[in-house]
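Predicted model, plus sequence, below.
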Amino acid sequence: MGIHPGVKSSTRAGTDPDAVVIGAGPNGLVAANGLADAGWDVVLVEQADVVGGAVRSAEVLEPGFVTDLFSAFYPLAAASPVIRELDLEQHGLTWRRAPDVVAHAFPDGRGAVIRGTAEETAAGFDSVAPGDGDAWLRLCAGWQRMRDPLLDALFTPFPPLRPGMQLARRLRTAGLLDLARLGTLSARRFVTEEFRGEGARVLVTGNAMHSDLPPDGAGSALFGWLLVMLGQDVGFPVPEGGAGRLAAALRHRAESLGVEVRCRVAAERVGIEGGRAATVHLSDGTVLRPRHAVLADVSAPDLYGRLVEPQHLPRRLLEDLTRFDWDDSTIKLNWTLDGPVPWVAPEARCAGTVHVGTDHDGLVDVAADLSTGRLPRTPFALFGQMATADPTRAPQGTETAWAYTHVPRRFALDASAVEEVARRVEAAVEEAAPGFRSLRRERLVQTPAALAASDPNLSLGAVNGGTAALHQQLVLRPTRGLGRPETPVPGLYLASASAHPGGGVHGACGWNAALSALRASGPLGPLRRRLLRTAWARVLPS
């Protein structure tokens, strides 16, 4: 992806590293690794007790039962060229996969599933709606043709010139137009065009709702298609032993290259001197003076509204930031269970991830409730069967599981609303798996406020770093700008999911920030800085 190992220099003890990375979520960890690969001395600061951000796990319910506290399944990480290049398997990471990838359990007992091979999945679709199997195989063949350059293009700073040219050579004009149309389609329209049966349709549309886009919203087709294609390609894998093992592998690799990781200390302010980011003031009184760059794995509102004083920022940026659009709030339920979940639909029994709560048409109703600020009457929930995916997560014969669903942000701090939604989610699971409640040993509800308290990047439980809607993508992410990690302050880079390409554990936001910082300090750095000043002046005129 463009960073190659350099000659590692000894870490300069004290306060003058080459770079400071603020926040040790997956993007911050990836950024630190990228800079260290190039031979930079890096200090990584994290206010929590452990690294990982929203990639953490612990035995919070019972000894022997591992709970992923935030994210859990990682198709983007497994497919990401950024993560793959880090060789994390050499640093303790082992991927595990459930026998089946992702299923949908309908309230009436039917089911649909993406299995381990495209042929098995196609056979299941075809048994319900003849012709849907061939349609699935056509989509998979098209995915394989464009996979590598498309992933490079998605995870590269905007504009993705080199991978874009590779994609153009593979797809030609007609294929590029088809891909562009897919990027504007709603998931509901896309599945209507491609499939006859509800099973295939609901799996694509349900995966589109892993983002905050409604199924009839422009651009939702691309998200749904991408996730089901990744699922069929690399599965929905999990780190053996818990999500925290992924973060631990990133930390181990970084520290092996000399990165200094400081936990339990928060960055309170980024000081600007001579028109560039010059200092990082920490909660323990330390002042770090990075020689080249500050990379912030924090949300855009936190970076521009707290860490940098407003007089150092363009007025237009601060005005635009008042319109920053968060994604919906999240409520997460966690359980330990005495046995496997008793799904009526056999398709759900061996899948690591299961969608529950409604049918295909009901997904539109859920999205309508969210967009109009109502609590969904019938919630749509993602359900994780973690011991099914990784038997090390729970004692033999038992299960550790979770479910999460979204609510409008106005209900995030309403305790009664949160409890009502939790009751509705459990009722939906019980309907699809009668006897589920009788298996329950312990339960933990993570409210939107609790999620945000554990990871400040998750504002009121918003897990994507800001909406994935078209009005906040590419050059409009996080606000009107360049679609790149550079900020209007020289030497300061946005390295979180608030930057392009957005949410998901793929590491690209941190990697892109590291690349930009390295290039700004290279032989063409002065020219790049002049060009950036000109570009920012045009985008954010005074």
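Looks like it arrived, so ask away.

Does G52 touch R245 like I think?
No: applying Cβ atoms under 8 Å as the test, G52 and R245 come out as separate, 9.7 Å apart. (Each C-beta comes from the backbone N, C-alpha and C, glycine too.)

tell me the contacts of S283?
Taking Cβ atoms under 8 Å, 6 or more residues apart in numbering, we find S283 in contact with Q47, V265, A266, A267, E268.

So what does it look like in phi/psi?
Main-chain torsions, S283, degrees, to the nearest 10: phi -70, psi -20.

Could you tell me which ranges of this protein sit under the pLDDT cut-off?
Filtered on pLDDT under 70, the chain yields the residue ranges 1-14, 524-525, 527-536, 542.

Can you tell me the centre-most residue of it?
Against the mean C-alpha coordinate of the chain, by Cα atoms, centre = their mean, the closest residue is G504 at 1.2 Å.

hang on, that one is in a strand, isn't it?
No: G504 is assigned coil when assessed by DSSP: H, G, I helix; E, B strand; the rest coil, not a strand.

show me what contacts the closest residue to it other than its chain neighbours?
Among residues not flanking G504 along the chain, L76 sits closest, at 4.4 Å (Cβ to Cβ, 6 or more residues apart in numbering). Listed by Cβ under 8 Å, 6+ apart, the contact set of L76 reads L230, G504, V505, H506.

from those, which would you call buried?
L230, G504, V505, H506 (16 or more other Cβ atoms under 10 Å).

which two from those end up farthest apart in space?
Farthest pair in the buried ones among the contacts of L76 (Cβ to Cβ) is L230 and V505. Separation: 12.2 Å.

coming back round to it: can you turn the buried part of the contacts of S283 into a PyMOL selection?
Here is the PyMOL command that selects the buried residues among these (16+ other Cβ under 10 Å):
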select buried, resi 47+267
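
Give me the neighbour count for A277.
Per other Cβ atoms under 10 Å, the neighbour tally for A277 reads 25.

Am I right that it is in a strand?
Yes: checked against three-state DSSP, A277 lies within a strand.

my guess is it meets G491, correct?
Yes: counting by Cβ under 8 Å, G491 is a contact partner of A277 at 4.0 Å.

residue contacts, the closest residue to E240 other than its chain neighbours?
Distance criterion Cβ to Cβ, 6+ apart; nearest residue to E240, sequence neighbours excluded, is T94 at 4.1 Å. T94 makes contact with P239, E240, G241, R245, according to Cβ under 8 Å, 6+ apart.

again, only this time at 10 Å
L88, P237, V238, P239, E240, G241, R245, A249, D390, T392 (Cβ atoms under 10 Å, 6 or more residues apart in numbering).

again with G491
Per Cβ under 10 Å, 6+ apart, neighbours of G491: 19, 270, 272-278, 290-295, 517, 520-521, 529.

ok, now R289?
Contacts of R289 (Cβ under 10 Å, 6+ apart): G14, T15, D16, P17, V20, G271, E273, A278, T279, V280.

can you check S521 too?
Contacts of S521 (Cβ under 10 Å, 6+ apart): D18, A19, A38, W40, R291, H292, A293, G491, R528.

and the fourth one, helix, strand or coil?
Using three-state DSSP, the three-state assignment for W40 comes out as coil.

What's the separation between it and G522?
W40 sits 12 Å away from G522, going by Cβ to Cβ, to the nearest Å.

The two: which is more packed in?
A direct count of neighbours by other Cβ under 10 Å for W40 and G522 places W40 higher, at 26 against 11.

okay, and the common contacts of A277 and G491?
Residues touching both A277 and G491 (Cβ under 10 Å, 6+ apart) are V270, P290, H292, A293, V294, L295.

Report how many residues lie close to the closest residue in space to R484 that isn't next to it in sequence.
Of all residues not flanking R484 in the chain, P157 sits nearest, at 4.8 Å (Cβ to Cβ, 6+ apart). Using other Cβ under 10 Å, P157 has 23 neighbouring residues.

do you know how far P157 is from A32?
18 Å.

same thing with L61?
Using Cβ to Cβ, L61 is found at 32 Å from A32.

So between the two, which is more surrounded?
A32 (33 against 17).

Please look at that one and V21 and confirm they touch.
Yes: assessed by Cβ atoms under 10 Å, A32 is found in contact with V21 at 4.9 Å.

shared neighbours, the two?
Joint contacts of A32 and V21 (Cβ under 10 Å, 6+ apart) are V42, V43, L44, A254, V259, V261, L295, D297, A495, G510, A514.

Can I get these in CSV including secondary structure, neighbour count and distance to L460?
Formatted as CSV, the shared contacts of A32 and V21 follow (DSSP: H, G, I helix; E, B strand; the rest coil; neighbours: other Cβ atoms under 10 Å; distance: Cβ to Cβ, whole Å):
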residue, secondary structure, neighbour count, distance to L460
V42, strand, 27, 31
V43, strand, 25, 30
L44, strand, 29, 26
A254, helix, 29, 30
V259, coil, 24, 31
V261, strand, 18, 28
L295, strand, 33, 25
D297, coil, 31, 19
A495, coil, 33, 22
G510, helix, 32, 23
A514, helix, 34, 29
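
can you redo these as CSV with distance to G397?
Shown next, in CSV, are those (distance: Cβ to Cβ, whole Å):
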residue, distance to G397
V42, 45
V43, 46
L44, 40
A254, 38
V259, 41
V261, 38
L295, 45
D297, 40
A495, 43
G510, 40
A514, 45
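
List just the nearest of these to W335.
When those are compared for distance to W335 (Cβ to Cβ), D297 wins out at 30.6 Å.

Quick check: the gap between the closest one and L69.
For D297 relative to L69 (Cβ to Cβ), the value is 18 Å.

Let me know how buried D132 is, in neighbour terms.
Neighbours around D132, by other Cβ under 10 Å: 23.

what residues are up against it?
121-122, 124-126, 194-201.

and what of G53?
Per Cβ under 10 Å, 6+ apart, neighbours of G53: 23-29, 46, 70-71, 247, 297-298, 454-458, 496-497, 505.

and if you look at T205?
104, 186-188, 190-192, 198, 214-216, 220-221, 224, 228, 355, 360-361, 363-364, 367, 380.

buried subset of the residues you listed?
So, of the contacts of T205, 104, 186-188, 190-191, 198, 214-215, 220-221, 224, 228, 355, 360, 363-364, 367, 380 end up buried under the neighbour-count rule (16+ other Cβ under 10 Å).

Select from the residues you listed every entry located in strands.
Judged by DSSP state E, those include H104, H355 as members of strands.

Tell me how far the closest residue to S186 other than its chain neighbours lies from E89.
For S186, ignoring the flanking residues on the chain, the nearest one in space by Cβ to Cβ, 6+ apart is D216 at 4.7 Å. Taking Cβ to Cβ as the measure, D216 and E89 are separated by 41 Å.

For the closest residue to E194 other than its chain neighbours, what is the enclosing helix or strand?
Nearest residue to E194, sequence neighbours excluded (Cβ to Cβ, 6+ apart): A135, at 5.2 Å. Assigned by DSSP states H and E, A135 falls within helix 132-154.
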